[in-house]
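Student: Need the 3D shape of this:
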Amino acid sequence: MNQKIRVPKWFIEDHSRRGLLDLDAVKVGETKTHYFVELSPEQAYELWHDADFYSCKEMAGEFMESMGLGFVSSARATKKALNSFMSFVNRCDALRGN
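Tutor: Down below sits the predicted model:
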């Protein structure tokens with residue numbers, strides 16, 4: 001059950017550079033500032049979890065200093081873009097009894 005999702009380029013490119021996702025394998029389109037990616041539930045969760053880490057209030061200040069406000073904003077936007085898909089996956093899992 002892959003889903004096409006629009007995510008900011010900055011954060012997903014960083015996620016890919018760290019070896020956590022093969023961006024070329026999941027990218028299905030792009031605009032100037034976003035990619036359209038087709039992610040499995042596992043890939044979406046990993047990306048969401050990474051975005052959550054970099055955007056959490058406790059850590060955001062530290063990351064803003066080292067990586068800039070744009071990176072933290074991109075992490076927050078990525079998490080927001082994935083929220084509805086993650087909710088859908090969780091509902092499906094609940095219905096299946098997983």
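Student: for residue 76, what are its contacts?
Tutor: Going by C-beta atoms under 8 Å, 6 or more residues apart in numbering, residue 76 touches 51, 55. The C-beta positions use only the backbone N, C-alpha and C, and glycine is treated the same way.
Student: secondary structure element for it?
Tutor: Using DSSP states H and E, residue 76 falls within helix 69-96.
Student: mean confidence for that helix?
Tutor: Computed over helix 69-96, the mean pLDDT rounds to 76.
Student: Next: stretch 22-31.
Tutor: Across stretch 22-31, pLDDT averages out at 95.
Student: swap in stretch 47-56?
Tutor: For stretch 47-56, mean pLDDT rounds to 87.
Student: Show me which residues of that stretch are buried.
Tutor: Along stretch 47-56, the positions that meet the burial threshold by neighbour count (16 or more other C-beta atoms under 10 Å) are 47, 48, 50, 51, 54, 55.
Student: Tell me which residues touch the most centrally placed residue in the chain, please.
Tutor: Central residue check for the chain by C-alpha atoms, centre = their mean: the C-alpha nearest the mean position is that of residue 47, 3.9 Å away. Counting by C-beta under 8 Å, 6+ apart, residue 47 makes contact with 7, 12, 15, 20, 21, 39, 78, 82.
Student: so how far is residue 69 from the third one?
Tutor: Taking C-beta to C-beta, to the nearest Å as the measure, residue 15 and residue 69 are separated by 18 Å.
Student: More neighbours: those two, which one.
Tutor: Using other C-beta atoms under 10 Å, the more surrounded residue of residue 15 and residue 69 is residue 15, with 21 against 11.
Student: OK, contacts around the more buried one?
Tutor: 21, 47, 50, 51.
Student: pLDDT of the helix or strand hosting it, averaged?
Tutor: Element membership of residue 15 [criterion: DSSP H and E] is helix 9-17. What helix 9-17 shows for mean pLDDT is 93.
Student: what about that helix, distance to the chain center?
Tutor: Taking C-alpha atoms, centre = their mean, to the nearest Å, one finds the center of helix 9-17 at 9 Å from the center of the full chain.
Student: what's next to whichever helix or strand comes after it, contact-wise?
Tutor: For helix 9-17, the following helix or strand on the C-terminal side (DSSP H and E) is helix 23-26. For helix 23-26, the external contacting residues (C-beta under 8 Å, 6+ apart) are 12, 13, 16, 35, 37, 38, 39, 43.
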